[in-house]
Every structure is written in C-alpha cells, then in structure tokens.
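Chemist: Generate a structure from the sequence data that follows.
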Amino acid sequence: MSKPDSYVNSLRKLLPPDKNVATLITAICKLLYDYLGIPFEEKSNWNLSDYVNDATAKIRSKGDHKTASNAFKKAADDYRLGAKKVPGLARLFGELSAYMEGWSLVEEARLRHGEEQYFLAAEDYTRASELFQKTVAWAHLSKHHAGSSLLEKAEAFSREEKEEDALKMFASATEAFGDAQRSLRTKRDQVAEEQERKELDDWFNASRALEKYCQGRVKLEEAKVLDKKGDEEESGARYRSASNDFRELMSRAQTDQIRVELEALTLFSEARCRMKDAETRASPEMYAEAADLFARAEKVTQARTFRHVALASSSICWALESGTRFRRTRNTQLYSEIKKHLETATDYYEAARWRNAADWTRATGKLFDSLVYLTDAAIERDSKKKTELYHLAEKHLQLSARLYGQANFPVKRDEALRLLDRARQEKELLLTPIEALSENPALTRVPGTPDSLIRGQPGSLESFEDAKVVGNLGVVGKDFNVGSDLTVELEVANVGRSAARLIKLENVVVEGIQLDKRRIPGQVNDDFIDMKGKRLEYLGAHEVRIPMKAIRAGVFQLQPRILFVDEKGNYRSHGFGPLFVTVRELGISGWLKGPK
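Modeler: Numbering: from 1, shown residues only. Next comes the predicted model:
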C-alpha cells in the first residue's frame, strides 16, 4: 500500500523558514533509497511522497519484509540521531523517525503473519498505530493499523479453535476499519492536492476491503459456532454467505498473493457449506463434492496450518461419505475405508494443533466402531457373543461421548449417549432372562445334585460370576511392505462379575513380524508383553496397542493370547483372532521411496 501524500505540506510547516525544502527532501529520499539498497535517481516534479511510494513499491514487490523492516528501522535510528545533532530540525526528524519506526513495525508484523505468529503480529501493529498517532502528518493511519492489530488477534483465536473469541474479535476489527474509513474520509476532505487525495483514497479502499473481509470472517466463525450446536441448515447458510463475500473480494484483489489467500478461503467456506448440506440430506455424493473442494483449497494455499486443516477436512468428508453409505446399507466392508480416512484426518488435525478437531475425529471413529459392533450384534445368534458385542459398543460409545464433549460438540455427544442407552438396553434384554432363570430352582437345579457340579456346568450363569476377559483384535492400516511399521490393536473387556488382573500377552511374535521393542520400553520380556497386573473391574475395558515391524514378505497369522487371574487366584486366558496380515516386497519403485 502506497503512503499518504501529505509529506510536503507537513515539512513546510515543520521546517524553519530559511531551510530549502526541495534540497532536504532530496537528501532524505536518497538516504532512504540507500538504506533499501535501491539506486536513486532524482526526478523533476517529484515530492517526498513520490519517492517514498516508489521505494516502498520496489521493496514490497520483492516480498522481503525482513529487509524492509531493517531498512526502515535504520532510517528511524538515523533520523533520531539527526534530531540530536541538529536541534533546529528536531521536530522534523522526530516526526520522520516515528514514521519510519512505525513502518518498520508494520513490515515486522507482516513477516510474523506469514509465520502464523498472529499475537506477535498484533503487538507490532498496535505499536505502529501508537507511533502514527503521535505524528502530525500521519495520525490518520493510526486507526487502520489498530484494526489490523484486532484482525491478527482474531486470526490467532480462530487458529486456536476459540470460535466465540474469534467471532467477537473479528466484529471489533470490522468496527475499527469502519472508524478508519471515516477518519480517512475526513482527512481527504481537508486536502486539495490531487495526488494526496488519491493516496488517501487508496488507504480508504484498503480499509473498506479489510472491513468486508472481517465481515466474511464473522460469518465463518458464526457458522462454526452453529455447527457445534448442531444447527446444520443455519450453519450452512453462514458458510455460503461467507464464501460469497470472499469471492467478491477475490475479484477485486490487487495482488496475486491476496487473490490466492481469498481463493483458498472461498473454497474452504464453500466446502464447509457443501458438508453441512450433506449432513442435512445424508448425501454421500455431497460429501464427495465437499472433499474435492477441500482438496482444491489445500492446493491453493501456502499457509502450513491451513493446508493441514484442508487435508484433514477432505479426509473427514471421505470418511463421512463412506459412513453415510454404511448407515444406509450396514455394509461392514466399508468400515476399513472409514477408519483409514479418519486416521488420516486425525494426523493432519494434530499436525495443525487443532486438538478439538482431532478429538472430534477420534470421537467419530469410535462412533463408527460402535455402529459396526451394534450391526454385528443385531445379526449374531449366539447370546454370549451378542452380549460381548453390545458391551464393546457400549465402551466405544462412552469414549465417543466423552471426546465429543471435550471438543465442545454437545449435539454429537448427545447422539453418542442415545446410542449408548440403546446398547445398554439391548444388553440388559439379553442378560435379564438368564438372571431370571437362574433364580428359579426348578429350572436351574436337578433335585439332589451337588452345588459343586452345578457350578461346573458349561453355559450356566456361573461362568459370568468369575472374571471373564474377552476382546477384539485389529491392525491399523491394510497395506504393508517389508520394513513397514504396523500397530496391532487389542480391545480387552471384562464381562465377568468379578475383577480380573491382566498378567501378560503372549503369542504376539510370529515369523516375519517382530515386536518393535523401542516403542514399548520396559514391557517386553522375551516373546511376551508384561501387562503389569492391570486391573479390570466388571465391564471395565482396556486398549492395548502393540508396535511391530514387518521384516519379510508373506501372509502371517496373528493369534495372541492374554493371561489373567481372577480374584480367587485362578489363572485363565483368552485367545484373539486369528488376524491375517499380508506383507509385500517393496519392488523397485518402493525400494527407491523406502518403507512407509
């Protein structure tokens, strides 16, 4: 942005009558060009603002904010020293020093913005605003940069997933840029020179564009808040309106960098709008469209955090696309696709340090886990296995509800709790008839039969009186090459009425896949994993993640067994699996890339 053209009039007011304004202007401009490393050429009919605009434009075209900041800082220091050496020009040099110091801070703020250090950028803009306010010639720039400070704070809150705070700060920035426009309009009405009026018009248009940008960001943050509250339709409408605002600004962007940033925001808002439409209509096709829009946004933007969030959002949409088809068909073959996309999304959200979004993604993954267990339970005929499946669904739904709560998504939390209530009711329906029968002596005992024999009968309720550990076996991912890391997951639950202490996990190692002992220090003894007496109460659950490494190609069968002891001191065990893992050779292209 070019500087205001009020230098000459201000200098005439500040200089003593016997000083030559033109000579001093030339000297000042030459000094500035030297600081910036630009060849100086004196122009006829150019005043101070023309030279400063020319020098600044050349520096900004290079995009080197650090160099510009240092140059302005050096100029400010020299003007400050000049004020001491020439007391008669102290007021002039003090004014110029404050102005140069202000622009040094503005360039530093732009540098910090590019590094996503938004709070530090806000501090620099605040200090620049205060310096401009202290000058006579450039006080009208103060409110614009005060608005920029509020804008940076709003960006920081948005990146920290503090939507309510971001919304308020963007609204404050909107008001600040409105105030800046009024201040600039008042200043324009006070000047007569055409060039100076044009410079003020440029500042006015910049403030108006930022006001419009902040209005769009207010709508974007409002949409996020409504999304968390479960108001999909109104949230989608806000996203759509924000997208339209950014698209309008993009058509008037003065630089390629601004246009690219606005295009990324336009695509992001449009994708979120399509995502809300997909939720409202339960449409897999719309989720796919949203995923493509997020992928396009990722390719456009240069900001690291924005790229990670866009990639995560795209993966979320693909997971929800498969998840919507799963809910329609209950086709469990879609489960692996859902989990793969959710794991990818979690990784990118964590890379972006969006913890709430990562918790939301994990919660959604547990929700789909529970739906698979509920689906399997619905078609399972064996009452014992059916009960175990409902129990696993219950545990996953408990975790899902907790994670949704942590992420501040109360509506999603309530959905998980409703499913949790359903799983508990179904499990109780299975357990109640058994318990009722167990209380009827005519049905549960043969006259004269000793108690010791009754307690030993298979299938009786007594099998649930002691500790009974069951579980599920899985592996993260599905494509493994020689040298790949993989993680085996065990979900362990105690469905017996008494507590169990987990002793060790054995039969973990198979030929071709070995334990990665570096990632589980202190737990591996020979070929088993020490569970360190982990206590599981009735209906208690525990997740075990086993890091392993594939060392040769083949199809390998994993069938681990967990040993536990009940409260009577009896040793028991439960076998998992089998789970088959396929490991492939890398091939020449894979060898060049290395293992995943």
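Chemist: use CA for all of it now, contacts and neighbours both
Modeler: Fine.
Chemist: Report the mean confidence score over the helix or strand harbouring Gln425.
Modeler: Using DSSP states H and E, Gln425 sits in helix 410-438. Regarding helix 410-438, the rounded mean pLDDT is 70.
Chemist: As PDB, could you dump the C-alpha coordinates of the helix or strand where Gly533 lies?
Modeler: Assigned by DSSP H and E, Gly533 belongs to strand 528-536. The C-alpha trace of strand 528-536 is given here as PDB (Å, rounded to 0.1, in the frame of the first residue of the first chain):
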ATOM      1  CA  PHE A 528       5.600 -61.700  25.600                       C
ATOM      2  CA  ILE A 529       4.300 -58.400  26.800                       C
ATOM      3  CA  ASP A 530       4.100 -57.800  30.600                       C
ATOM      4  CA  MET A 531       0.600 -56.300  31.400                       C
ATOM      5  CA  LYS A 532       1.800 -55.400  34.900                       C
ATOM      6  CA  GLY A 533      -1.300 -56.700  36.700                       C
ATOM      7  CA  LYS A 534      -3.600 -54.200  35.000                       C
ATOM      8  CA  ARG A 535      -6.900 -54.500  37.000                       C
ATOM      9  CA  LEU A 536     -10.200 -54.600  35.100                       C
END
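Chemist: which secondary structure elements does that strand contact?
Modeler: If contacts are counted by 3 or more C-alpha pairs under 8 Å, 6 or more residues apart in numbering; DSSP states H and E, strand 528-536 sits against strand 500-506.
Chemist: Adjacent strands (with direction) for the strand it packs on?
Modeler: Taking DSSP bridges as the criterion, strand 500-506 pairs within the sheet with strand 528-536 (antiparallel), strand 561-566 (antiparallel).
Chemist: In the first one, which residues are buried?
Modeler: Of the residues in strand 528-536, those buried by neighbour count under the rule 16 or more other C-alpha atoms under 10 Å are 528-531, 535-536.
Chemist: what's the offset of that strand from the middle of its chain?
Modeler: Relative to its parent chain, strand 528-536 has a centroid offset of 35 Å by C-alpha atoms, centre = their mean, to the nearest Å.
Chemist: neighbouring contacts of that strand?
Modeler: Strand 528-536 has contacts (C-alpha atoms under 8 Å, 6 or more residues apart in numbering) with 493-494, 499-509, 523-524, 542.
Chemist: Which of these has the largest number of neighbours?
Modeler: Ala500 (31 neighbours; other C-alpha atoms under 10 Å).
Chemist: In contact with it, which residues?
Modeler: 467-469, 494, 535-537, 564-567.
Chemist: average pLDDT for whichever strand or helix holds Glu199?
Modeler: Using DSSP H and E, Glu199 sits within helix 194-228. Averaging pLDDT along helix 194-228 yields 90.
Chemist: in it, what counts as buried?
Modeler: In helix 194-228, residues buried by neighbour count (16+ other C-alpha under 10 Å) are 196-197, 199-204, 206-228.
Chemist: ditto for stretch 545-554
Modeler: Quick answer for stretch 545-554 (16+ other C-alpha under 10 Å): 546-554.
Chemist: In strands, which of these fall?
Modeler: 546-550, 554 (DSSP state E).
Chemist: Make JSON lines out of the residues you listed and add pLDDT.
Modeler: Output for these, formatted as JSON lines (pLDDT from 0 to 100):
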{"residue": "Ile546", "pLDDT": "86"}
{"residue": "Pro547", "pLDDT": "88"}
{"residue": "Met548", "pLDDT": "86"}
{"residue": "Lys549", "pLDDT": "86"}
{"residue": "Ala550", "pLDDT": "85"}
{"residue": "Gly554", "pLDDT": "83"}
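Chemist: ok, so of the residues you listed, who is nearest Arg518?
Modeler: Set against Arg518, the nearest of those by C-alpha to C-alpha is Pro547 (8.9 Å).
Chemist: How about the contacts made by that closest one?
Modeler: 485-488, 515-517, 519-520.
Chemist: quick one, what contacts the nearest residue to Trp138 once chain neighbours are set aside?
Modeler: Of all residues not flanking Trp138 in the chain, Phe132 sits nearest, at 5.6 Å (C-alpha to C-alpha, 6 or more residues apart in numbering). Contacts for Phe132 (C-alpha under 8 Å, 6+ apart) come out as 98-99, 102, 138-142.
Chemist: and which of the ones in strands among the buried residues of stretch 545-554 is nearest Arg307?
Modeler: Among those, and counting by C-alpha to C-alpha, the member closest to Arg307 is Pro547, at 29.1 Å.
Chemist: who's the closest one bridged to?
Modeler: As assigned using DSSP bridges, the partners bridged with Pro547 are Thr487.
Chemist: can you give me the helices in the stretch 301-450 of the chain?
Modeler: With DSSP state H, counting those that start in this stretch as the criterion, the stretch 301-450 of the chain has helices at 304-329, 335-351, 355-379, 383-406, 410-438, 441-444.
Chemist: Arrange those helices in TSV, one row each, with distance to Arg110 as further columns.
Modeler: Output for these, formatted as TSV (distance: least, C-alpha to C-alpha, whole Å):
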stretch	distance to Arg110
helix 304-329	16
helix 335-351	24
helix 355-379	27
helix 383-406	34
helix 410-438	38
helix 441-444	80
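Chemist: re the thing from before, from the contacts of Phe132, which shows the smallest pLDDT?
Modeler: Trp138 (83).
Chemist: hang on, the earlier thing: from the contacts of Pro547, which single one is nearest Arg327?
Modeler: The closest of those, once distances to Arg327 are taken by C-alpha to C-alpha, is Val488, at 26.5 Å.
Chemist: What number of residues are in the vicinity of Phe93?
Modeler: Phe93 has 22 nearby residues by other C-alpha under 10 Å.
Chemist: Which residues are in contact with it?
Modeler: Counted by C-alpha under 8 Å, 6+ apart, Phe93 has contacts 79-80, 82-83.
Chemist: Report the secondary structure state of it.
Modeler: helix (DSSP: H, G, I helix; E, B strand; the rest coil).
Chemist: hang on, the earlier thing: figure out which of the helices of the stretch 301-450 of the chain is closest to Phe480.
Modeler: The nearest among those, by C-alpha to C-alpha, is helix 335-351 at 13.7 Å.
Chemist: Show me what the closest one is packed up against.
Modeler: helix 304-329, helix 355-379.
Chemist: Turn these into TSV, including distance to Ser243.
Modeler: Converted to TSV, those look like this (distance: least, C-alpha to C-alpha, whole Å):
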stretch	distance to Ser243
helix 304-329	15
helix 355-379	21
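Chemist: Skipping adjacent residues, who's closest to Ile258 in space?
Modeler: Closest to Ile258 by C-alpha to C-alpha, 6+ apart is Met250, at 7.6 Å.
Chemist: State the distance from the one you found to Arg182.
Modeler: 24 Å (C-alpha to C-alpha, to the nearest Å).
Chemist: more crowded one of the two?
Modeler: Applying other C-alpha under 10 Å to Met250 and Arg182 shows that Met250 carries more neighbours, namely 21 against 16.
Chemist: can you pull the contacts of the more buried one?
Modeler: Counting by C-alpha under 8 Å, 6+ apart, Met250 touches 258-259, 262-263.
Chemist: again with Thr266
Modeler: 242-244, 246-247.
Chemist: Helices along the stretch 51-200 of the chain, start to end?
Modeler: In the stretch 51-200 of the chain, the helices defined using DSSP H, counting those that start in this stretch lie at 65-85, 90-114, 118-134, 142-159, 163-189, 194-228.
Chemist: right, and the helix or strand after the longest one?
Modeler: The C-terminal neighbour of helix 194-228 among helices and strands, as given by DSSP H and E, is helix 232-251.
Chemist: got the buried residues for that next one?
Modeler: In helix 232-251, counting by 16+ other C-alpha under 10 Å, buried: 232-247, 249-250.
Chemist: thinking again about what came up before, out of the contacts of Thr266, which one sits closest to Trp318?
Modeler: Distances from Trp318 to the contacts of Thr266, taken by C-alpha to C-alpha, are shortest for Ser243, at 21.7 Å.
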